[in-house]
Every structure is written in C-alpha cells, then in structure tokens.
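Participant: What follows is a predicted structure for the sequence shown.
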Amino acid sequence: MLYLLAYVSRRRYFGEKTALYFAWLGFYTSMLSLPAAVGVLTTLYGLIGMTSNTPTVEICDRNIAGNIIMCPACNKTCPYDYLRNQCTFSMDVVYPEYEARATVYRLNPVTMLCLVVCSVFAIISYRIISVGWLSRSPQWRSHAHIATAITASLLNLVIILLMNKIAYTSDFIPRFLYRVLHSPDYSLRGFINFTLSSFDTSDFDNETRPDNSTLDGVPVRECRYKGFREPPGSNNEYLPTLTYWHIFAARLIFVVIFEVRILLRL
C-alpha cells in the first residue's frame, strides 16, 4: 500500500511523466536483482577457483612458470617482464596506430559510463523505431513471416560471428588439444609453457629493440611470447609449428560445425 501511495504522491506533485519515470526506474532496478546476484556468484566462483585452476597456479608460482621472462608488449618503450606479474591483472595491448596518437594515458570513468549508456540507448531506440515503423506499414503487417525470417537470419549471423570469436580468440580449443594430444595425465599441467614460444633478443632490429635490454640488472638473452612458432636456431626459425596447424584446423572445424548446425535450423 505504501509502495503505491509513493507513486500517487509523486503524480500529484510532479505530474504523470515524473511518476511514470519513477515507476519505470523501480521496475528496471528490481529486474537487475537477478543479474546482480548472478554476477556476484560468478565473481565468488572465480575467486574460489583461482587456487584450483592449473594455468593460474603456474603463472603465479615463480617455481613453475612465474619466472619466465616475457617479451615486451610494444616496441621500444615496453620493458621485459616476468610472467608472474600478470597473475593479478592483465592489460590489453594497445594497437600501434592508436598508441602513436595518444599523448596522455589515464582511466576515464566518463568514457566507461558513456559506453554503457550509449549501448542501452541504442537498443531502446532501435526497438522503439522498429516497432513504430512496422506498425504503420500495412505491407509489413501482411508479411510478418518474412520479417521474422530475416530477423532470424540476422540472429544466426550474429551467432556465427560469436562462434568465430570464441574459436579464434579463446583458449578452449588449445586447452582441449593439449589435454588430448600432449598431456600425459589429461590435465593442464604444463599448458602455459606449451603455449609460449622462444625469441632470441639479438634478433630485434633497431626499430623494435626495447630501450632497456635488462631485467633486474641482468641482460636478457631470450624471452618468451604467446604463440606456436619454431625456436631460434632451428631450420624453420620462427615459422608456425605443426601444433599451430593442428589448432588452426580444429578451430576451423569448430566454426564449420556450428555453421552447419545453424543452417539446418533455418
């Protein structure tokens, strides 16, 4: 009763539009309860699973993979670093064409907030415009099944693009192949070292060589980077290994299976 009286009071003092705003805001906030609970549970699960996740343990343990020296993340200015320093957080590598234009580096909370607001506003605007336009058009009313088929096709395209993203950017397939083909006990023990290739620091040219060629005061002779490449000094130096092509083929098969599965549903 008090809940309804609050909206009635706002309507009397501020009018219908303000009361409708508060009613929508209350509904929207209540609908966020379940996603918020899922987010909290996901975060707790991630924190609890850190101690039992084999790749994470290896990265954070300096006696296993933590002491691996990683190659610089960018040209010239980025230093060598230990892999264990990526245990707590990891920063995405900035593309060179954008990094060259940047003069100041800082976190901008306004930009983060605007990205969220813009995405929500874009979805709401799209729904309002689409519903209004289709409702006024008799042609679309009589061809609702065509509009449904087109929308379904677009959704299937989105799913295919997402599967491409998962197949070519995630570690799901490399982990699966490592368990099946390389791990003696079907575990991820040694997976971090498996995904890293070696690079001879003397092969850096003048444009890419880091300004500081030492780490903890010791010159770095060799560093590691993520990839499946032949080691320095081999006959096929820095070329893709056979494992690289195995993973590439598995990713392609993964995408083809999902595409065929989606096409069969059309």
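Facilitator: Great, that's in hand.
Participant: from here on, contacts and neighbour counts on C-alpha atoms
Facilitator: Will do.
Participant: Where does the prediction get shaky in the stretch 1-150 of the chain?
Facilitator: 1-17, 19, 88-109, 112, 115-116, 119-120, 122-150 (pLDDT under 70).
Participant: any idea how far residue 117 is from residue 110?
Facilitator: Separation of residue 117 from residue 110 (C-alpha to C-alpha, to the nearest Å) stands at 10 Å.
Participant: how about the strands in this protein?
Facilitator: Ranges of strands in the chain, per DSSP state E, are 69-70, 81-82, 196-200, 214-215, 218-219, 222-226.
Participant: most packed of those strands?
Facilitator: strand 69-70 (a mean of 20; mean count of other C-alpha atoms under 10 Å).
Participant: other SSEs contacting that one?
Facilitator: Helices and strands touching strand 69-70, by 3 or more C-alpha pairs under 8 Å, 6 or more residues apart in numbering; DSSP states H and E, are strand 81-82, strand 222-226.
Participant: hmm, who's touching it?
Facilitator: Here strand 69-70 makes contact (C-alpha atoms under 8 Å, 6 or more residues apart in numbering) with 80, 81, 82, 83, 222, 223, 224, 225.
Participant: And the residues you listed, which is closest to residue 29?
Facilitator: Nearest to residue 29 among those: residue 83, at 41.3 Å, using C-alpha to C-alpha.
Participant: contacting residues for the closest one?
Facilitator: Residues in contact with residue 83 (C-alpha under 8 Å, 6+ apart) are 59, 60, 65, 66, 67, 68, 69, 70.
Participant: Which one (most neighbours) among these?
Facilitator: When neighbours are counted by other C-alpha atoms under 10 Å, residue 59 leads the contacts of residue 83 with 23 neighbours.
Participant: In contact with residue 64, which residues?
Facilitator: Each residue near residue 64 by C-alpha under 8 Å, 6+ apart is listed here: residue 58.
Participant: quick one: it and residue 196, what's the gap?
Facilitator: 14 Å.
Participant: Then residue 22?
Facilitator: Taking C-alpha to C-alpha, one finds residue 22 at 54 Å from residue 196.
Participant: Nearest spatial neighbour of residue 75, chain-adjacent residues omitted?
Facilitator: residue 208 (4.6 Å; C-alpha to C-alpha, 6 or more residues apart in numbering).
Participant: can you give me the helices for this structure?
Facilitator: In the chain, the segments counted as helices under DSSP state H are 2-14, 16-31, 33-49, 54-60, 96-99, 109-136, 138-142, 144-169, 172-177, 191-194, 242-265.
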